[in-house]
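Asks: output the structure for:
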Amino acid sequence: MDVTRRQLVAGTAAAGLVPSIAVAQAALITKPIPSSGEHLPVIGVGTARRYEAAPTEAERQPLRETLRRFQQLGGRVIDTAPSYGDAENVVGGLIAELGIRQNLFVATKVGADNKAEGAAQIAESFKKLRTDKIDLFSVHNLRDTANQLSNLRDLKAAGRIRYVGATTSFDGQYADFEAMMRRETLDVIQVDYALDNRGSADRILPLAQERRMAVWVNLPFGRSRLFQATQGKPLPDWAAEIDCKTWAQVFLKYVVSHPAVTCAVPGMAQARYVDDNLGAARGRMPDAALRRRMEQFIDSL
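Replies: Numbering: from 1, shown residues only. Down below sits the predicted model:
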């Protein structure tokens, strides 16, 4: 996906379509977490793969500039996990270097097989992220859910965690995830959802609305097919109706315009992607009719 995305961004820049600095500095659209009413920008940073290892300064520098630019433009949400290689440590170090922790909403996950193992992993996450309080801590992919939620709720009661959630990125887990959502009280769920991957919209997203759970979306660009399918294609006329200047903005605006979705967390490892992706948190959003047209368009490719 990175190669295709790079080509698309380069093409739009050559055509003069990259947002101007003045536009890029406009306020970001936000949505509330239902359990508290706290508003978050609808676009955050995901750190899977791209932040897994950055042992040298040459590798850290673009990531540092990415986070610097993200915070500078009003971004807040950063999503990571122990399973993303060394991402927690990389992210924690960069945030500390930049001195921007107080401006961010930091989320991570626990994926362990028993209560003791989970407690140890959680403690390590605090250490790696270099913080005494984590904004959102989620059980990753339904792994030992009951025990890990117990650990997280104890820490929430102690004031070390602000919100508790659960995640999945596999449609094979949807039935179990739905059952867990009905059984548990959660602040946030995270699930895969994209213009070409709409399965979670059938039951998971409506249930989140019913249960008053915020929804964060992983894999909002799908699993590479969206950029590949649109490579070399001009934006449709209707893209201008929702102030989209790039395909990335089209894909993200589809996701965050869903009434249940609070925030999408695409991977970002270059500052230019920050400018592009945050463009999806400004301007007009597609209504239900245009969302259907977007679905029909991508399904036809």
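Asks: got the buried residues for the stretch of helix or strand residue 128 belongs to?
Replies: Assigned by DSSP states H and E, residue 128 falls within helix 115-129. Across helix 115-129, burial judged by 16 or more other CB atoms under 10 Å covers 117-119, 121-122, 125-126, 128-129. Any C-beta I mention is one placed from the backbone N, CA and C, and that applies to glycine too.
Asks: against which helices or strands is that helix packed?
Replies: Applying 3 or more CB pairs under 8 Å, 6 or more residues apart in numbering; DSSP states H and E, one finds that helix 115-129 makes contact with helix 87-98, strand 105-110, strand 134-139, helix 145-157.
Asks: show me which residues of the last one are buried.
Replies: Think helix 145-157. Using 16+ other CB under 10 Å as the test for burial, helix 145-157 gives 145, 147-149, 151-152, 155-156.
Asks: who does the next helix-or-strand element following that helix touch, helix- and strand-wise?
Replies: For helix 145-157, the succeeding helix or strand toward the C-terminus, using DSSP H and E, is strand 161-167. With contacts defined as 3+ CB pairs under 8 Å, 6+ apart, the packing partners of strand 161-167 are strand 134-139, helix 145-157, helix 174-183, strand 188-192, strand 214-218.
Asks: could I get these in a markdown table, plus columns for mean pLDDT and distance to residue 254?
Replies: Shown next, in a markdown table, are the helices and strands packed on strand 161-167 (pLDDT from 0 to 100; distance: least, CB to CB, whole Å):
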| stretch | mean pLDDT | distance to residue 254 |
| --- | --- | --- |
| strand 134-139 | 98 | 24 |
| helix 145-157 | 98 | 30 |
| helix 174-183 | 98 | 20 |
| strand 188-192 | 98 | 14 |
| strand 214-218 | 98 | 10 |
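Asks: any regions of the stretch 1-150 of the chain where pLDDT drops low?
Replies: 1-25 (pLDDT under 70).
Asks: what's across from the residue nearest to residue 149 when sequence neighbours are not counted in the sheet?
Replies: In this structure, residue 149 finds its nearest non-sequential neighbour in residue 139, 5.9 Å apart by CB to CB, 6 or more residues apart in numbering. Applying DSSP bridges to residue 139 yields these beta-bridge partners: residue 110, residue 166.
Asks: how about the contacts made by residue 139?
Replies: With contacts defined as CB atoms under 8 Å, 6 or more residues apart in numbering, the neighbours of residue 139 are 109-111, 145, 148-149, 152, 165-167.
Asks: do residue 208 as well
Replies: 181, 189, 214-215, 260.
Asks: make a ChimeraX selection of the buried ones in the residues you listed.
Replies: Filtering the contacts of residue 208 down to the buried ones (16+ other CB under 10 Å) takes a single ChimeraX command:
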select :181,189,214,215,260
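Asks: distance to residue 64 added to the contacts of residue 208, as JSON lines?
Replies: Shown next, in JSON lines, are the contacts of residue 208 (distance: CB to CB, whole Å):
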{"residue": "181", "distance to residue 64": "37"}
{"residue": "189", "distance to residue 64": "30"}
{"residue": "214", "distance to residue 64": "29"}
{"residue": "215", "distance to residue 64": "30"}
{"residue": "260", "distance to residue 64": "34"}
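Asks: per-residue confidence at the residue nearest to residue 171 when sequence neighbours are not counted?
Replies: Closest residue to residue 171 apart from its sequence neighbours, by CB to CB, 6+ apart: residue 199 at 5.0 Å. With respect to pLDDT, residue 199 has a value of 98.
Asks: from residue 192, how far out is residue 199?
Replies: Using CB to CB, to the nearest Å, residue 199 is found at 8 Å from residue 192.
Asks: which residues are in contact with each of those two?
Replies: residue 171.
Asks: now the strands for the stretch 201-301 of the chain?
Replies: For the stretch 201-301 of the chain, the strands defined by DSSP state E, counting those that start in this stretch cover 214-218, 261-264.
Asks: among the ones you listed, which is nearest residue 236?
Replies: The closest of those to residue 236 is strand 261-264. By CB to CB, the value is 20.7 Å.
Asks: which helices and strands does that closest one pack with?
Replies: strand 30-32, strand 39-41, strand 214-218, helix 247-256.
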